[in-house]
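In: Task: produce atomic coordinates for the following.
(chains A and B)
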Amino acid sequence: MIFSVVKTICADQWRYWLRTKVAATVLLLGAILTLAALVVNAFHIEEAAHARDHFQTEAEERFKAQPDKHPHRMVHYGHYVFRAPTPLSVIEPGVDTYTGNAIFLEGHRQNSAMFAEQRQSAGLTRFSSLTPSFLALVLAPLFIILIGYGSVSREREAGTLTLLLSQGTTRWQLMLGKLLALITASGLFLLPLLLACFYVAFSSESVLVVLLFSLSYAVYFLLWAAVVTACSALFEKSSVSFTMLIVIWMAACVLLPRIGSSVATNAAPSIGKLEADFKVVEKLRSLGDGHDVNDPAFKKLKENLLAKYDVDSVDDLPVNFRGVVAQYSEGRQAKVLNEFAENRMGEELEQAHIARQFGWLSPTVSVRAISTILAGTSLETHHRFLREAEALRLEFVQGLNKVHVEKLDYKLDMNRNASEEAAEKAVVDADNWALLSEFDFKPEAANTRISNALIYFLQLFVWVCITTLLLKAAVRRLNP
Amino acid sequence: MMRFTDLKREANFVFGHRQIKLTLLVVFLLSVVSLWSGYAEMQEQQATIERLLEKDQIEREAVITQQSNFGMVAYYAFHLTYAPPSPLAFAAVGERDVFPWKHRIRMLALEGQIYESDTDNPELAFLGRFDFAFVTSILLPLFIILLLYDLKAKEREARRFDLLNVTARNAHAIWTSRVLVTLVPLALVTLTPFVVFGLANGAPVLSILTVCAIVIGNIAIWSAIVLVIGTAKRFANFSATHLASVMLGVWLVTTVIVPVTAHTVINSVIETPEGGDIVLTQREAVNSAWDKPVEDTWRAFIATHPQWADYTEFDPERDSSFNWKWYYAFQQVGDQTASELSRGFQASTLQKDTIASYVALFSPSLLTQRLLSSAADTDVEAMVSYENDVRAFHKSLRKFYYYHLFKDPEFSQESLKALPQFTPSTDTSHNNRSGKKE
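Out: So this is what the prediction gives:
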């Protein structure tokens, strides 16, 4: 009985929207945009996934197809890894277009990712992008405002509010009816998104992640519908509620995320890779050059090795001393490189955390954090990509060094520059290149992503509480 | 004709309004904050460049003194290249956060080095920069809509509309003057902080004036849009807020839908070589050289460097399987093999940018943003021209080392004093560029 009143009010609001052109246009535009974004993005991601998969396979095949060579030449030949897009990046591409998605792996160096798509966009997508997440987080609230700012104040201005309330409709019924109408309308934007989510859930993503992902978007829409209805009731005139809501939208969706980004840049400046590289080089110089067996840094290594095998000169060692040096110095160097790389990632993460604290000021920021983290398109997942690439780099480089130690005769190796024939002898069999493992990047496990996003769920929960209070206040103060 | 008394009355009216004063204050604060944050960031970039320059010098000298031949020096010595922020970069960070503005390069194949990017935190770039260009191109139109949408409706609702129309000598003049007294202060609160920051940062007065003109132009376009919609007969019976919805619709279509649609279309129309292809091709060419007959490398090298045709011989006793001349020749050949792809990649970047500049004609916000980053030398063109500076510098390195490797003069630390130094291109290139655009 109580609910039927709510339903009537909701239905009445819908009749009004369909009658007035502005609301109908907004609803149609929103639905078309969301669909278009989904379709375009799905194709784009599909294509990118395909291309990167192709490059990955090709890079691996080329590596393995190399002829008999000196193993250290393969260390410099190197390998490429490509990051495949995650399933949910169809909805939330996140930082993907801003990070490169290919890394060249080689001995002695950690390279950065190359080919960020954003560089190819001529600045067209710096403010907006045709991604479902941008539409849902930034534009959908504007649409909700445009259709809902006057839902209650219109009744007041037309004098029908008095009529409604005097006919026995309670304030809560009225507000819930209006809210329900706005929620169903915003459902038009949400529905394509949810359908895409379910499609993803059935393909390859953890169901729990997809559920939480779509839940956070649904809550976000709910929040806006509630804020809009509350403002529409709180302010006497439609025009005031309109202005207030637009100001709130500008602050929450457009301004605060960017202010967060700028504050983070300036509050915790990161020194960048180039500058960190100098420090790496300084530290590495003390470790010695792995190409040169006579470098004093390896004297101790040599002594230990000679003692271990109880021989007098490196020529008598059962292993290739050049390979031992290469293996030893690569290992030590990787440690230094990783120490600095971890530092840098820590700095970047700290900046991101500062920017995400703005989630306490704007629900858009918190949902964006949740959405990128769950979709596996956040900074954390990018760092995971960098770490996995580094692990693979070290694995194949050290694998090649091991081949160098065990399968290449030291004398042949030292003699390699004497003549072309000598160079041809200082090689190992191409079968050894099979040591390269496949690179198949997957984002963090579902649980890790969820626990990374917990704090931002808390932010969202606080927003739900605040909005509920606002709605309550609006109901209490609802006067004809 | 507008009369001074009309203006004065309207000014009193506007400044008597709390909402308008508040809006102006907010715009002023946004302008100051955006400028300050851009300024701080550019100061940091400048400081970074200075620190890098110092370390680069020390590092290179340390490396060079340890070496005993030119081949080794060329292998181990890195050179810093950079694009310093222009005096106006603080106002429009532009593409500086996705394109690299610093590289350290050496004599090896350039295609393997130039796509490395030491760019900023991707998450912050993704959230976007809060710079002056953003405030003026994206936010300012929204404020203009908020300030002007109920210009007439408010008076109608307050039942002063007819009175105003009757008491003013000219009905149009009164609305024009009201728009003026609202927008002139808006332009002032936006631009005054910019001029102060610009002068403090030593930007040329002409560029400062250019930026002011761009911003004023944007304000003019948006007030025209708002006024046209507000007075259109078609919308005569729309309420003020419905009118505002239409205005926001125009903002939405021009600021969001036009650019993203154009982006989607451009990306599917313009063929871009895959970045992955460039680097794979280059690496393949460089590494396969080890296994190929030496003559193959020389043939390809001499084709582009005929002046060294008589110098490719080297001592078979000393270095039959390895020689630096040959090593750097196949690095060069690697670049040559990938050069078509690489040129195509750059050309498509520029072509997309050119098309975007036409698209911008349909989007005042995009146009403003592009003009501002062009004035601040942070647009795609500026970043590509930095890439070309790096290529030119790498070429001069090659010229230097080829001479020393092929002519084989006695190695001395002294001769390395003549190593080419990277100097960033100065403002003249910027003037040429913007001259071309206008």
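In: Going by C-alpha atoms from here, please, whenever you check contacts or count neighbours.
Out: Noted.
In: May I have the helix-or-strand element of chain A with minimal mean pLDDT exported as PDB, CA atoms only?
Out: The helix or strand of chain A with the poorest confidence is helix A:420-425; it has a mean of 78 (mean pLDDT, DSSP states H and E). What follows is helix A:420-425, C-alpha atoms only, in PDB (Å, rounded to 0.1, in the frame of the first residue of the first chain):
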ATOM      1  CA  GLU A 420      86.700 -15.500 -37.600                       C
ATOM      2  CA  GLU A 421      87.100 -19.300 -37.200                       C
ATOM      3  CA  ALA A 422      87.900 -18.800 -33.500                       C
ATOM      4  CA  ALA A 423      84.700 -16.600 -33.200                       C
ATOM      5  CA  GLU A 424      82.700 -19.400 -34.800                       C
ATOM      6  CA  LYS A 425      84.000 -21.900 -32.300                       C
END
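In: which helices and strands sit right next to the helix or strand just after that helix?
Out: Next in sequence after helix A:420-425, counting helices and strands by DSSP states H and E, comes helix A:446-476. With contacts taken as 3 or more CA pairs under 8 Å, 6 or more residues apart in numbering or on different chains; DSSP states H and E, helix A:446-476 sits against helix A:171-203, helix A:207-234, helix A:363-375.
In: Now tabulate these in TSV and tack on distance to A:Ser151, mean neighbour count and mean pLDDT.
Out: TSV is the format used below for those (distance: least, CA to CA, whole Å; neighbours: other CA atoms under 10 Å in any protein chain shown; pLDDT from 0 to 100):
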stretch	distance to A:Ser151	mean neighbour count	mean pLDDT
helix A:171-203	7	20	86
helix A:207-234	6	22	93
helix A:363-375	23	27	95
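In: Distance to chain B added to those, as CSV?
Out: Putting these into CSV (distance: least, CA to the nearest CA, whole Å) gives the following:
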stretch, distance to chain B
helix A:171-203, 16
helix A:207-234, 13
helix A:363-375, 9
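In: Generate CSV for those, with distance to B:Ala236 as supplementary columns.
Out: Shown next, in CSV, are the helices and strands packed on helix A:446-476 (distance: least, CA to CA, whole Å):
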stretch, distance to B:Ala236
helix A:171-203, 27
helix A:207-234, 24
helix A:363-375, 36
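In: A:Ile246 reaches A:Ile145, doesn't it?
Out: Yes: with contacts counted by CA atoms under 8 Å, A:Ile246 reaches A:Ile145, the gap being 7.5 Å.
In: So which bits of the stretch 1-150 of chain A are right by chain B?
Out: For the stretch 1-150 of chain A, the residues in contact with chain B (CA under 8 Å from any CA of the partner chain) are A:22, A:40, A:55, A:59, A:77, A:94-95, A:98-99, A:102, A:111-116, A:118-130, A:146.
In: mind listing which of the residues you listed are in strands?
Out: Under the assignment DSSP state E, these contribute A:Ala102 to strands.
In: Now list the buried members of the residues of the stretch 1-150 of chain A next to chain B.
Out: A:22, A:40, A:55, A:59, A:77, A:94-95, A:98-99, A:102, A:111-116, A:118-130, A:146 (16 or more other CA atoms under 10 Å in any protein chain shown).
In: which element is residue 246 on?
Out: You didn't say which chain, so I picked chain A. A:Ile246 belongs to helix A:238-249, assigned by DSSP H and E.
In: wrong one, chain B
Out: helix B:240-252.
In: what sits up against the next helix or strand after that helix?
Out: Per DSSP H and E, helix B:240-252 leads on to helix B:258-269 as the next helix or strand towards the C-terminus. Residues from elsewhere that reach helix B:258-269, judged by CA atoms under 8 Å, 6 or more residues apart in numbering or on different chains: A:40, A:121, A:124-125, A:128-130, B:352, B:355-356, B:359-360, B:362-363, B:366.
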